[in-house]
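Asks: what's the 3D shape of this:
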Amino acid sequence: MQKPASHRRKNQLNDEWILVSPHRNNRPWHGATEQANEQALPVHEGECPLCPRNDRVNGASNPDYQDTYVFTNDFGALTEYRVNDDHEHPLFESQEATGMAKVICFSPKHNKTLAQLPVSEIVPVVQTWKKEYSALSAEFSCVHIFENKGEIMGCSQPHPHGQIWAHQHYSTEIEKENKKQQAYFSEHGRPLLKDYLRQELKDKIRIVYENSDWIVLVPYWAKWPFETLILPKFDIADFTSLEQTQMQTLAESLSVLTIKYDNIFKCSFPYSMGWHNAPADLEDKSHWVLHAHFFPPLLRSASVKKHMVGYEMMAESQRDLTPEQAATILRDASTVHYKQES
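Replies: Modelled structure (predicted):
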């Protein structure tokens, strides 16, 4: 039997290399699986600035919303003001970064996450993503829709919510992904991610879930232990052309994935996730495929996460659990939430 060997895998979307060391942790899911000390939350929290009917810091009051609610972030990272920070030396380079930041409350229920919402209540979230993207992309070239879930990911509010940051400049990740996809399309005449998905469907070993429209998989080049990628089976570059049936099947995919995440360690699984749409100002988007990244940090248990330190900070990303092992664990996880089972 061949011994597991360390090797590197290349992320074809951003040119980064990941060191894979399967011999360090062949069966990490046999490690400790103690549950996190999760506090029971009420359906409505009187002090939560995201709950319906509550006041926010700026004095505004939230309406008595019934599904999703969107408002301009009271502490947004982007401003409307322009700053001239030019330096006479070329080593000191800056660029204006004006834009808009919004908050999307996924549900009025303070004590629920996407994993605990029925699909019928996730559909409005997807519809809101499309509506907000369509409006903001008419003004800004780069629109980032994302969610940080859990205190371990820096989330300051447990109320289920995500964010949108919109700006005219290309963010670093979008710029890298755009260049890679453009180069591949120029050489092969086909979108990179469509060819990649075709091969993943052939291999099958990294697929976690699929339905008529979407595929959830652990990418071959995954950096985080249980990182996943959501890809469409149909041609689409951004949210503007998403159809109602596709929003329904996407909601189903999000429900299955987030439930599986929670079931791995019987906890509210933390992650950062985000959608990568084609830049809105592109004249030709033929090379681009809409996709979502999920980056969860947990590795061994509900309380033990993967730290990107040392070699990862000074050299390149490294993982012990292979993407194929991670895909197997996720694929085998139940689609019934552990709190419902108990």
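Asks: Could you use CA atoms for every contact and neighbour count after this?
Replies: Noted.
Asks: and the residue nearest the centre of the chain, helix, strand or coil?
Replies: Of all residues in the chain, the one closest to the mean position by CA atoms, centre = their mean is M273, 1.6 Å from it. Three-state assignment for M273 (DSSP: H, G, I helix; E, B strand; the rest coil): strand.
Asks: pLDDT weak spots in the protein?
Replies: For the chain, the stretches with pLDDT under 70 are 1-2, 25-38, 84, 342.
Asks: now the helices: where do they sit in it?
Replies: Here the chain has its helices, by DSSP state H, at 119-136, 172-188, 192-203, 244-265, 311-314, 323-332, 338-341.
Asks: so can I have a markdown table of the ones you listed showing mean neighbour count and distance to P22?
Replies: Shown next, in a markdown table, are these (neighbours: other CA atoms under 10 Å; distance: least, CA to CA, whole Å):
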| stretch | mean neighbour count | distance to P22 |
| --- | --- | --- |
| helix 119-136 | 19 | 36 |
| helix 172-188 | 16 | 27 |
| helix 192-203 | 15 | 20 |
| helix 244-265 | 21 | 19 |
| helix 311-314 | 11 | 16 |
| helix 323-332 | 20 | 9 |
| helix 338-341 | 10 | 29 |
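Asks: still on that earlier bit, hang on, isn't the residue nearest to the centre of the chain packed against N148?
Replies: Yes. Contact criterion CA atoms under 8 Å: M273 and N148 qualify, at 6.6 Å.
Asks: Now do the same contact list for L229.
Replies: V216, L217, V218, P219, H291, A292, H293, F294 (CA atoms under 8 Å, 6 or more residues apart in numbering).
Asks: ok, and the closest non-adjacent residue to it?
Replies: Once flanking residues are discounted, L229 sits nearest to H293: 4.9 Å by CA to CA, 6 or more residues apart in numbering.
Asks: ok, how many other residues are close to that neighbour?
Replies: Using other CA atoms under 10 Å, H293 has 20 other residues around it.
Asks: Quickly note the distance from it to N54.
Replies: To N54, H293 is 32 Å away according to CA to CA, to the nearest Å.
Asks: And T228, by the same measure?
Replies: From T228 across to N54, the span is 35 Å (CA to CA).
Asks: These two: which has the busier surroundings?
Replies: More crowded of T228 and N54, by other CA under 10 Å: T228, with 28 against 18.
Asks: does the more buried one really touch H293, like I thought?
Replies: Yes. Between T228 and H293 there is a contact under CA under 8 Å: 6.1 Å.
Asks: Grab the nearest non-local neighbour of N263.
Replies: Once flanking residues are discounted, N263 sits nearest to Y338: 5.8 Å by CA to CA, 6+ apart.
Asks: Repeat that for Q246.
Replies: Closest residue in space to Q246, ignoring its immediate chain neighbours: D213 at 6.4 Å, by CA to CA, 6+ apart.
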